[in-house]
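> curious how this folds, go ahead:
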Amino acid sequence: MNIVVRYAITVLLYPGGLFALLAGWFLLSVGEALAARKLGVRGAAFRQPVYDFFKLLNKTTSLPARTETAGVRLIPLVVVMAPLLALILLPLPGNLAADSPTTSGDLLAVLFLLFLPSLAPIFLGNLLPSPYGRVAAQRAIRRAGVLIALLLLSMLAIAAQRGSLSLSLLTIQQSHPSPASVILDALAGLLFCLCLPALLPQAKWGLFRDKPELVAGPYTDLTGADLALLQLGAAVQQIAAGSLLASVFILPFVPGVAAVQVVFYLATLFLCGLVMSVARWSSGVYSFAR
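Modelled structure (predicted):
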């Protein structure tokens with residue numbers, strides 16, 4: 001298959017593009033529905049994230065005076081593009097670009113791309129004139145620092161055990177793993193799973209309400225397309241983070257049959273969605289509903 005066709009399918013359909021958008025929106029809807037059920041209130045419809053995205057996209061986009069417009073406008077784009085690029089590099093079942101000799105995924109490059117969306121509140125808080133945004137940015141630095149360090153620890157432990165930072169080598173089928181490697185993989189995978197909320201853009205806005213409401217913070221001065229892109233980035237980020245967990249910690253121990261790998265991959269994505277939902281229940285920091 002032509003390399004251009006491979007990349008077109010990867011970027012537009014799977015694992016990026018259409019698949020990432022629909023699966024990400026679905027997981028956000030599931031998380032909000034579970035959170036609403038726990039609180040004893042009626043949750044929004046499953047199509048609500050898509051409706052909110054297009055509604056925000058059609059609203060007027062404006063920024064306050066004395067704002068570094070170029071930098072602020074660039075951040076929402078980075079929040080969307082970074083996880084999509086990470087998905088292209090991950091050797092997932094059916095990822096045609098990852099099978100190409102021209103695509104070489106590096107673990108540190110993928111981690112860097114996944115860390116960028118979680119740093120968005122820090123950059124926005126310092127670029128926007130709101131004093132509340134600066135306070136939120138300072139809190140985000142302290143909050144995200146420990147979790148990101150633990151995420152790095154879990155991934156580097158696996159890289160040291162398997163002797164490579166190349167994703168093509170890290171995801172090789174583990175046919176006869178030693179007990180020590182299985183234990184290390186399980187512990188590192190559990191640590192990575194528990195720290196997954198650190199990869200979400202820290203947010204607290206009511207995108208899943210009929211009338212979106214904001215609380216004071218790094219997103220207060222954003223409107224329209226900027227907020228729509230941040231919501232879209234949060235959806236895609238869940239898929240990218242879950243895909244990294246699946247490709248490094250789960251799929252190397254799953255039989256190489258394509259159908260079985262796809263089932264385990266999708267199950268891992270759903271598990272990641274549940275973990276992030278629990279994070280929304282226990283803390284409003286990662287919640288998309290007030």
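> now the host helix or strand of residue 55: how far from the chain's centre is it?
Residue 55 belongs to helix 48-57 when assigned by DSSP states H and E. Here helix 48-57 is found 19 Å from its chain centre; the criterion is CA atoms, centre = their mean, to the nearest Å.
> and residue 200, how close does it get to residue 133?
18 Å (CB to CB, to the nearest Å). All C-beta atoms are positioned from the backbone trio N, CA, C, and that covers glycine.
> pLDDT weak spots in this protein?
Low-confidence segments of the chain (pLDDT under 70): 1, 39, 43-44, 65-69, 99-104, 201-217, 280-290.
> any idea which element the residue nearest the centre of it lies in?
Among the residues of the chain, the one closest to the centroid is residue 237, at 1.8 Å (CA atoms, centre = their mean). Following DSSP H and E, one finds residue 237 within helix 224-245.
> and that helix, what's buried?
Counting neighbours by 16 or more other CB atoms under 10 Å, one finds that the buried residues in helix 224-245 are 225-245.
> tell me how many other residues surround residue 270.
Using other CB atoms under 10 Å, residue 270 has 14 neighbouring residues.
> whatever helix or strand comes next after the helix holding residue 55: how far from the chain's middle?
Once the chain leaves helix 48-57, the next helix or strand it forms, by DSSP H and E, is helix 69-89. Averaged C-alpha coordinates place helix 69-89 at 12 Å from its chain's average position (CA atoms, centre = their mean).
> what helices or strands is helix 69-89 leaning on?
helix 3-12, helix 17-39, helix 107-118, helix 120-127, helix 224-245 (3 or more CB pairs under 8 Å, 6 or more residues apart in numbering; DSSP states H and E).
> could these go into TSV alongside distance to residue 58?
What follows is these, written out as TSV (distance: least, CB to CB, whole Å):
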stretch	distance to residue 58
helix 3-12	23
helix 17-39	17
helix 107-118	24
helix 120-127	22
helix 224-245	8
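> buried deepest among those helices, which one?
Of these, the one with the most neighbours on average (mean count of other CB atoms under 10 Å) is helix 224-245, at a mean of 25.
> what packs against it?
helix 17-39, helix 48-57, helix 69-89, helix 107-118, helix 179-194, helix 258-282.
> rewinding a little: buried residues, the helix holding residue 55. List them.
48, 49, 50, 52, 53, 56, 57.
> could you do stretch 165-181 as well?
Applying 16+ other CB under 10 Å to stretch 165-181 flags 165, 166, 167, 170, 171 as buried.
> of the residues you listed, closest to residue 120?
residue 167 (24.5 Å; CB to CB).
> which residues touch the closest residue to the closest one other than its chain neighbours?
The shortest distance from residue 167 to any residue other than its chain neighbours is 3.6 Å, reached at residue 105 (CB to CB, 6 or more residues apart in numbering). Contact analysis of residue 105 by CB atoms under 8 Å, 6 or more residues apart in numbering lists 89, 90, 91, 98, 166, 167, 168.
> from residue 89, how far off is residue 105?
Distance from residue 105 to residue 89, by CB to CB: 4 Å.
> can you check residue 200 too?
Taking CB to CB, one finds residue 200 at 20 Å from residue 89.
> check residue 270 too.
22 Å.
> do residue 173 as well
19 Å.
> how close does residue 147 get to residue 83?
Taken as CB to CB, the span from residue 147 to residue 83 is 17 Å.
> for residue 275, same thing?
For residue 275 relative to residue 83 (CB to CB), the value is 17 Å.
> which of the two has more residues huddled nearby?
Per other CB under 10 Å, whichever of residue 275 and residue 83 has more neighbours is residue 83, with 30 against 19.
> for that one, which non-adjacent residue is spatially closest?
Closest to residue 83 by CB to CB, 6+ apart is residue 240, at 3.6 Å.
> wouldn't the one you found be in contact with residue 87 here?
Yes. Residue 240 is in contact with residue 87 according to CB atoms under 8 Å; the separation is 5.3 Å.
> shared neighbours of those two, anything?
Between them, residue 240 and residue 87 share the contacting residues residue 20, judged by CB under 8 Å, 6+ apart.
> run through the residues that contact the closest residue to residue 122 other than its chain neighbours.
Distances taken as CB to CB, 6+ apart put residue 137 closest to residue 122, at 4.7 Å, once the chain neighbours are dropped. Contacts for residue 137 were tallied using CB under 8 Å, 6+ apart; they are 121, 122, 123, 124, 125, 126, 218.
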